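1. Here is my input, please return the structure:
(chains A, B, C and D)
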Protein chains: 2
Amino acid sequence: MDQDSNRDRAPLKGALKARDTHRPTLEDVARRARVSTATVSRCLNTPDLVVERTRKRVLEAVRELGYSPNFNARALAAKRTNTIGAIIPTMENAIFARGLQAFQEELGRHGFTLLVASSSYRADLEEEQIRTLLMRGADALLLIGHDRPKAVYEFLERRGVPFLVTWVYDPSAEHQSVGFDNRAAMKELAQKVLSFGHSTIAAITAVQDSNDRARARLEGIRDALRDRDLPPENLRVLETTYAIKSGAAAFDQVMSKSPIPTAVLCGNDVLAVGAVTAAKAAGLRIPEDVSITGFDDIELSEIVEPQLTTVHVPHRAMGTEAARRLVDMLNGTPAKDSLRLDTDLRLRRTLGPSPR
Amino acid sequence: MDQDSNRDRAPLKGALKARDTHRPTLEDVARRARVSTATVSRCLNTPDLVVERTRKRVLEAVRELGYSPNFNARALAAKRTNTIGAIIPTMENAIFARGLQAFQEELGRHGFTLLVASSSYRADLEEEQIRTLLMRGADALLLIGHDRPKAVYEFLERRGVPFLVTWVYDPSAEHQSVGFDNRAAMKELAQKVLSFGHSTIAAITAVQDSNDRARARLEGIRDALRDRDLPPENLRVLETTYAIKSGAAAFDQVMSKSPIPTAVLCGNDVLAVGAVTAAKAAGLRIPEDVSITGFDDIELSEIVEPQLTTVHVPHRAMGTEAARRLVDMLNGTPAKDSLRLDTDLRLRRTLGPSPR
DNA sequence: GATGGAAATGTAAGCGCTTACAAAATTTCA
DNA sequence: TGAAATTTTGTAAGCGCTTACATTTCCATC
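-> This next block holds a predicted model:
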C-alpha cells in the first residue's frame, strides 16, 4: 500500500489555495507599517532614500510578517535580476566546479547570483541553455570556449547581453576572454615529453567538434613535434568522449597497433586516468614502458598511481576575474582586452625517459 | 592597456536601451498574427484550445519574430514556474551530481526544470537557499536528509510547498523520503569487516551535526559491534570535514595512538581515499596491515589503489523516483509512503583479514 | 432557415513589484 | 519669518504574461 490517507489532497489549485495562508506581499508590509508600497520597496532596495525612523518601522513590519520579495515580480518590474548565467560543458566531473565556485563567490560579493546550466558538451543544448537562461532573465552570461555558431553571438549581441568567454585565451578571437592559452600550455608539456627522448607519440583527445580547447591542445602537441622536426606521422591521434572508460579504451586501441608509442598525451586528466588504468591492466609499467600525461590537474591526478604528470589550470583565478569583469560590464565599465592567465606544468610520476 | 575603444559603452541603462532592439513580447506576436494576446498565450500553453488554422498563423509569427516568453512575467501571472528546486550539500564532489542528473532527466520528461543550490554542508546556508529557491518561485523542493530545524519544516508547510527528502530512508521520520537505509547499509558493511576477524576498529566520519546520514552510518557500525558483543571501546571515532586531505589527516591521527585499529571504516569514499593515500604514504600495506572501507561508491573508489571496498548507493534510482513523486505531488496525487531503495556491498581490494 | 449548444476567440483584470513624477514635509538661509 | 531648496513620501503607470468571463463563430439538428 502506498497511499497515506492522512495526507491526501485535492488537485493542485484547490490544494494551493487551501494551504496558502496568503504569502505576504509588499502591500501587506506597507499597510502594516502605514506607508506606501513605494516606501517599502525603497527600504529594501535603496535604504538611504528613506529616513531612519520610517525605515525601522518598515523593517520591523517585514520581520513580523516574514516577508520576502517575489523574485519574479521584481525582475519583471525592474528588468534586471542581478543574476548571471553560466553554461558549462559538464557537472559530472569537477574541473569546472572549482572555477565556478570562485566565480560564484566573487559574484556574491557584488550582490549577484549565479545560475548554472550544463550542455553535456553539445552545441545544440548549449544554445537551448543560453535561451533558457535569458528567458529566466540572466543579466549576463559566462561561456566556456569560443567555438559556437556565429548566430549565437549575433543573437547575444542583438539582445545586448554582456557575455564573457573563459577557459581559453585567444587574442585573435573576436570576443573578450579570460583564460589560458591551451595551445601554448600543451606545447610546453609536449616539449617536456619530447625532451625525455620520446619520438613516437599518441594523443588521446576529447571530441574536437565545437571544442576549441581540445583542438588547441592537439595543435600544441603538433607545434612541439614540428619544432623538433619530427614528422607528423610520429603522432597518432585518437578522439574519444569525456570519460575514464573512454580513455582506457582509447589507450588499448593505441597500444595495439604498430608503431607503438612510448608516450601517450591525453587531452585531459579524465582520459589520462583511464589510460593509466588501462596500462596497468595490460601489465605495462608507467613510466618505464610508457609515459602518460594529462591536462587540467584535477584532484584525481594526485590520487591515481603513479601520480599524473599534467598541466595545472588556474581555475579559481579565472572564475574570480571573470566575475569581476562581468559585473563591471553590467555597470557600464568599458570593455577590456582579453586576459591571459598562466598555467603550470606539474611534473609527477607518469612521465619518464623513453624506453627506446 | 586594457581598454578597448571599439567597445566602450554608456552606463548600463543607456547601454541597454540603446542596444535592445525591443525584445518581442506576446503583444507583438498577437499583433502580427492578428489575434488577441490571449490566443497567443493559449497557442503556447494549451494548443488544443486553438483551432489549427489560427495556431499555425500564430506559431509562424512566433518564429518570424524570434519570440520567446518572459519567464518572470509568466511565473508572476500563472503563479507557477514548473521549476523544482534541489539543495545539495556540495557540488565539488560528484556524489550528488549523478543522482541529480537522473532527477533532472525525469523532471524534463514531465516538463519541469531543475534549479540547484548547494549548502556547503551548512544548516544556515541551507535555510537561506531554501528561501532563495522559493523566492525564485520553485514549485517544490528536493532536500537531502531529514535533519534540519523544525522551523524549516513549519515554514515549508505553512507555505504549502511540496517537498521530498532523499538520500535517506527512515520510516520513523515525520516526512516522506526516497532513499536507502544508511544505518542498515553501514551495519552490513561493518558486519562483513568484523567477519574478517577485525576487532579493533576506527571510524572516520563526516561531521555529524545536521547530518543524519553521517550519524546513521556511525550507528550502523555500533550496531554491528553490539551484535558481536564487542565493547564500545573497541571502536574509536574521529570526525572530520568532507575532503580527501581531511581523511588522510584523520587516518594519521588514528594510527598514531594505541590501540591501533586493524580496520578503518570511513563515512564516505572521499574520506576513505584520503585514508588510503595516507596509509600508503606511511608505508602500510592495504589490506595486509590495515583494512579501509568507504561508502557511496563514487568513481574514485575504483581508481584508487587498491580499489576501495565500499557501499554502492542507488543514485539514479533515487533521483528518478524522487522526481516522479514530486511531480505527482504537484499534480495533486495523494502522498505516498517513504520508499526504501537497496544498497549493495562492493567488496574490493581494501578489505582483508585482520593481521591480529 | 432558425435554434441551441459547443468551440474558438476576445476583453480585461490582475500577478507583485519598481520607479518616474508629483506632493508633502523638512531644512536652509536671507 | 517665509520662500526656496532639499529631503522624504505618495501616486500610479506599467513590466509581460495568464485566465475568468464575455462574446462571437461554427455546426448539427429540427
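
2. Lowest average confidence across helices and strands of chain A, where is it?
-> When the helices and strands of chain A are compared on mean pLDDT, DSSP states H and E, helix A:12-19 comes out lowest with a mean of 34.

3. From the contact counts, what lies against the helix or strand following that one?
-> Per DSSP states H and E, helix A:12-19 leads on to helix A:26-33 as the next helix or strand towards the C-terminus. The contact analysis (3 or more C-beta pairs under 8 Å, 6 or more residues apart in numbering or on different chains; DSSP states H and E) places helix A:26-33 against helix A:37-45, helix A:52-65. No exception for glycine: its C-beta is placed from N, CA and C like everyone else's.

4. Residue of the stretch 101-250 of chain A closest to chain B, please.
-> Closest to chain B within the stretch 101-250 of chain A is residue A:160: 3.3 Å, counting by C-beta to the nearest C-beta.

5. Number of residues surrounding that residue?
-> 15 (other C-beta atoms under 10 Å in any protein chain shown).

6. how much space is there between it and residue A:213?
-> Distance, residue A:160 to residue A:213, using C-beta to C-beta, to the nearest Å: 28 Å.

7. do residue A:82 as well
-> Using C-beta to C-beta, residue A:82 is found at 30 Å from residue A:213.

8. These two: which has the busier surroundings?
-> Neighbours were counted for residue A:82 and for residue A:213 using other C-beta under 10 Å; residue A:213 has more, 25 against 18.

9. Can you check what pLDDT the model gives the more buried one?
-> Note on residue A:213: pLDDT of 97.

10. try residue A:333
-> On the pLDDT scale, residue A:333 is placed at 86.

11. and if you look at residue A:1?
-> On the pLDDT scale, residue A:1 gets 32.

12. what's the answer for the one 3 residues further on, then?
-> Residue A:4 carries a pLDDT value of 30.

13. now the one 3 residues further on
-> Residue A:7 is assigned a pLDDT of 28 by the prediction.

14. Based on its surroundings, how many neighbours for residue A:120?
-> By the criterion of other C-beta under 10 Å, residue A:120 has 15 neighbours.

15. quick one: stretch A:47-58 to chain centroid distance?
-> 41 Å (C-alpha atoms, centre = their mean, to the nearest Å).

16. That one vs DNA strand D: in contact?
-> Yes. Under the criterion of C-beta under 7 Å from any atom of the strand, DNA strand D is reached by stretch A:47-58 at A:49-51, A:53-55.

17. so residue A:200 makes contact with residue A:261?
-> Yes. Proximity of residue A:200 to residue A:261 meets the contact threshold set by C-beta atoms under 8 Å, at 4.8 Å.

18. what's the closest of the helices and strands packed on helix A:26-33 to DNA strand C?
-> Each of those has some distance to DNA strand C by C-beta to the nearest atom of the strand; the shortest is helix A:37-45, at 3.0 Å.

19. average pLDDT across stretch A:249-265?
-> 97.

20. Now the stretch 251-356 of chain A against DNA strand D: closest residue?
-> As assessed by C-beta to the nearest atom of the strand, DNA strand D sits closest to residue A:330 within the stretch 251-356 of chain A, at 18.3 Å.

21. Give me the phi and psi for that residue.
-> Backbone geometry at residue A:330, expressed as degrees, to the nearest 10, gives phi -70, psi -20.

22. how close does it sit to residue A:105?
-> With the distance defined as C-beta to C-beta, residue A:330 ends up 17 Å from residue A:105.

23. Of those two, which one has the most company?
-> Shown here are residue A:330 and residue A:105; by other C-beta under 10 Å, residue A:330 has more neighbours (19 against 14).

24. where do the strands sit along the stretch 151-300 of chain A?
-> Ranges of strands within the stretch 151-300 of chain A are A:163-166, A:177-179, A:201-206, A:235-240, A:263-266, A:291-293, based on DSSP state E, counting those that start in this stretch.

25. what's the offset of the last one from the middle of its chain?
-> In this case it means strand A:291-293. 25 Å.

26. do that strand and chain B meet?
-> No. For strand A:291-293, no contact with chain B is found by C-beta under 8 Å from any C-beta of the partner chain; the gap never falls below 13.7 Å.

27. That strand packs against which elements?
-> Packed against strand A:291-293, as judged by 3+ C-beta pairs under 8 Å, 6+ apart, are the following elements: helix A:182-195, strand A:263-266, helix A:269-281.

28. okay, the ones you listed, which one's buried deepest?
-> With neighbours taken as mean count of other C-beta atoms under 10 Å in any protein chain shown, the helices and strands packed on strand A:291-293 reach their highest mean count in strand A:263-266, at a mean of 30.

29. Other residues contacting that one?
-> With C-beta atoms under 8 Å, 6 or more residues apart in numbering or on different chains as the contact definition, strand A:263-266 has outside contacts at A:186, A:189-190, A:193, A:196, A:198, A:200-205, A:221, A:247, A:251, A:254, A:272, A:275, A:290-295, A:351, A:354.

30. So among these, which ones count as buried?
-> Among those, those buried by neighbour count (16 or more other C-beta atoms under 10 Å in any protein chain shown) are A:186, A:189-190, A:193, A:198, A:200-205, A:221, A:247, A:251, A:254, A:272, A:275, A:290-295, A:351, A:354.

31. burial measure for the residue in the stretch 151-300 of chain A positioned nearest to DNA strand D, as a count.
-> With C-beta to the nearest atom of the strand, the shortest gap between the stretch 151-300 of chain A and DNA strand D falls at residue A:159, namely 12.2 Å. Neighbours of residue A:159 under the rule other C-beta under 10 Å: 16.

32. Verify the contact between it and residue A:135 for me.
-> No. Between residue A:159 and residue A:135 there is no contact under C-beta under 8 Å: 11.2 Å.

33. any weak-confidence spans in chain A?
-> Applying pLDDT under 70 to chain A picks out residues A:1-21.

34. interface residues of it facing DNA strand D?
-> Checking chain A against DNA strand D by C-beta under 7 Å from any atom of the strand, the hits are A:34-39, A:42, A:49-51, A:53-55, A:73, A:76-77, A:79.

35. does residue A:74 count as helix, strand or coil?
-> Three-state assignment for residue A:74 (DSSP: H, G, I helix; E, B strand; the rest coil): helix.

36. List the residues that contact it.
-> Shown in contact with residue A:74 (C-beta under 8 Å, 6+ apart): residue A:81.

37. Distance-wise, check it relative to residue A:40.
-> Counting by C-beta to C-beta, the gap from residue A:74 to residue A:40 is 12 Å.

38. Which residues are in contact with each of the two?
-> Contacts common to residue A:74 and residue A:40, judged by C-beta under 8 Å, 6+ apart, are absent.

39. Which among the residues of stretch A:47-58 next to DNA strand D count as buried?
-> Among these, those classed as buried by 16+ other C-beta under 10 Å are A:50, A:54-55.

40. Briefly note if the helix or strand residue A:77 falls within comes near DNA strand C.
-> Using DSSP H and E, residue A:77 sits in helix A:71-78. Yes. Helix A:71-78 reaches DNA strand C (C-beta under 7 Å from any atom of the strand) through A:73-74, A:76-78.

41. Likewise for stretch A:316-334?
-> No. Stretch A:316-334 lies out of reach of DNA strand C by C-beta under 7 Å from any atom of the strand, never closer than 13.4 Å.

42. Quick check: buried residues in that stretch?
-> Per 16+ other C-beta under 10 Å, stretch A:316-334 contains these buried residues: A:316-327, A:329-330, A:332-333.

43. same check, this time on stretch A:63-73
-> Using 16+ other C-beta under 10 Å as the burial criterion, the residues of stretch A:63-73 that qualify are A:65, A:67, A:69-73.

44. roughly how far apart are whatever residue of the stretch 101-250 of chain A ends up closest to DNA strand D and residue B:69?
-> For the stretch 101-250 of chain A and DNA strand D, the shortest gap (C-beta to the nearest atom of the strand) falls at residue A:135, measuring 8.8 Å. Separation of residue A:135 from residue B:69 (C-beta to C-beta): 7 Å.
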